[in-house]
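Student: just a sequence and a predicted model for now, questions to come.
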Amino acid sequence: MKSLLVIVSLGLIFCSIGFAVYKKKIVKQSIIGLIIGAALFICSLFLQIISAQNVGVLVKPSGVKQEPLYTGWHIVGFWNKVYKMDRTVWVYTCSENNETRNAGKGDAIWVPTIDGIKMGFAVSASWRIDPAQAPWIYQNVSENDDNSVSGKYRWLEENVIRTKLKSAIAMAANKFTPIECYSNKREEIRNIALDIMRRECKEYRLIIDQIDLRETYYNPEYERAINEKKLAEQEALRLVEVTKQKEEQLKQAVIDKNIAIQKAEGEAKALQIKGQSVVNNPKIVELEWINKWNGKLPEYMLGNGQGIMLNFGK
């Protein structure tokens with residue numbers, strides 16, 4: 001907007017001069033155009049426009065003004081300077097992929113748990129400057145290596161956000177076991193880290209809006225141990241199942257054995273009773289023979305060919 005105002009003012013000035021040259025004399029229209037153009041140009045020198053995404057820091061010859069310039073138009077002496085600082089949300093992420101992790105070059109935050117076993121956390125922190133404290137940040141935060149206002153943000157990310165984030169995750173994770181960090185305590189870890197970050201970043205006039213736990217990693221040795229344990233548990237479950245099956249088979253075998261013993265004992269008892277009955281009453285043999293006879297005479301004869309039934313009993 002300010003650039004457009006400068007262009008319009010200079011355009012009016014040159015057009016007015018050109019019109020006067022064309023008429024070969026100074027006319028009323030040229031004078032009016034020059035006055036308006038000069039007025040617009042002078043206004044452009046004093047006008048500062050702050051967009052909705054920025055907050056302004058006014059630097060006077062006497063020093064930095066502690067009241068920031070918020071969104072809108074401001075009249076500022078051209079001998080002063082206005083630095084515009086980004087007030088939008090920045091996101092800083094510590095993460096890694098499988099390749100960087102295996103190479104030991106990952107950027108995830110690795111911290112010890114309550115068991116002393118290190119866990120890796122891929123974390124994102126959403127942060128922004130406190131607009132009301134923009135002059136303080138401008139005065140007290142380094143501009144990093146690129147000598148620009150955005151360099152302050154890079155410095156804040158590397159020296160404040162990352163450092164405080166690592167400390168906050170460490171303080172939150174050391175209350176839980178690795179399994180809890182990986183599963184049902186992630187939300188609690190996030191909330192603890194968020195409270196710590198908000199408290200500690202106030203010193204640097206920063207607002208922490210959110211922390212996201214994107215992913216959790218076991219260290220390679222612990223992950224191998226977990227996998228081996230899972231395999232061992234699965235093998236143990238398989239052996240338990242096999243043992244149960246064998247126990248069932250053994251129980252069935254015992255039942256079958258008992259049934260066979262009881263059946264054999266029953267048959268032996270029956271034979272004993274039957275034998276005792278034969279001893280006590282020999283006629284039972286003839287009765288059994290008669291009961292089993294089919295009514296036909298035998299095909300062989302004794303003596304002269306006449307069928308004779310021999311009684312071998314008494």
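Tutor: Yes, it's here.
Student: show me where pLDDT drops low in the stretch 201-314 of the chain?
Tutor: For the stretch 201-314 of the chain, the stretches with pLDDT under 70 are 220-235, 267-314.
Student: which other helices and strands does the helix or strand hosting residue 154 contact?
Tutor: Assessed by DSSP states H and E, residue 154 sits inside helix 149-156. Judged by 3 or more Cβ pairs under 8 Å, 6 or more residues apart in numbering; DSSP states H and E, the packing partners of helix 149-156 are strand 81-86, helix 134-140. Every residue, glycine included, has its C-beta placed from N, CA and C.
Student: end-to-end on stretch 53-67?
Tutor: 17 Å (Cα to Cα, to the nearest Å).
Student: against residue 131, how distant is the nearest residue to residue 46 once chain neighbours are set aside?
Tutor: In this structure, residue 46 finds its nearest non-sequential neighbour in residue 75, 5.1 Å apart by Cβ to Cβ, 6 or more residues apart in numbering. Look at residue 75 and residue 131: by Cβ to Cβ, to the nearest Å, they are 20 Å apart.
Student: show me which of these two is the more surrounded one.
Tutor: Set residue 75 next to residue 131 and count neighbours by other Cβ atoms under 10 Å: residue 131 wins out with 17 against 8.
Student: quick revisit: touching, the residue nearest to residue 46 and residue 47? I think so.
Tutor: Yes - checked against Cβ atoms under 8 Å, the pair residue 75 and residue 47 is within contact range at 6.6 Å.
Student: distance check, the nearest residue to residue 51 once chain neighbours are set aside against residue 53.
Tutor: Using Cβ to Cβ, 6+ apart and skipping residues adjacent in sequence, the residue nearest residue 51 is residue 71, 6.6 Å away. As judged by Cβ to Cβ, residue 71 and residue 53 stand 9 Å apart.
Student: higher neighbour count, these two?
Tutor: Neighbour count, other Cβ under 10 Å: between residue 71 and residue 53, residue 71 has more, with 15 against 11.
Student: so the more buried one sits right up against residue 48, yeah?
Tutor: No - taking contacts as Cβ under 8 Å, residue 71 lies outside contact range of residue 48: 11.5 Å.
Student: what domains does the record give for this structure?
Tutor: Per the record, the chain has its domains at 1-50, 90-218, by automatic domain parsing.
Student: separation between the closest residue to residue 91 other than its chain neighbours and residue 255?
Tutor: Distances taken as Cβ to Cβ, 6+ apart put residue 126 closest to residue 91, at 5.3 Å, once the chain neighbours are dropped. Plainly put, residue 126 is 70 Å away from residue 255 if you go by Cβ to Cβ.
Student: between those two, which one's more packed in?
Tutor: For residue 126 and residue 255, the more surrounded residue by other Cβ under 10 Å is residue 126, and the numbers stand at 15 against 10.
Student: which parts of the stretch 151-300 of the chain are strands?
Tutor: Here the stretch 151-300 of the chain has its strands, by DSSP state E, counting those that start in this stretch, at 206-218.
Student: re earlier: winner for burial among the helices and strands packed on helix 149-156?
Tutor: With neighbours defined as mean count of other Cβ atoms under 10 Å, the helices and strands packed on helix 149-156 peak in mean count at helix 134-140, which reaches a mean of 19.
Student: residues contacting the residue nearest to residue 46?
Tutor: By Cβ atoms under 8 Å, 6 or more residues apart in numbering, the contact set of residue 75 is 46-48.
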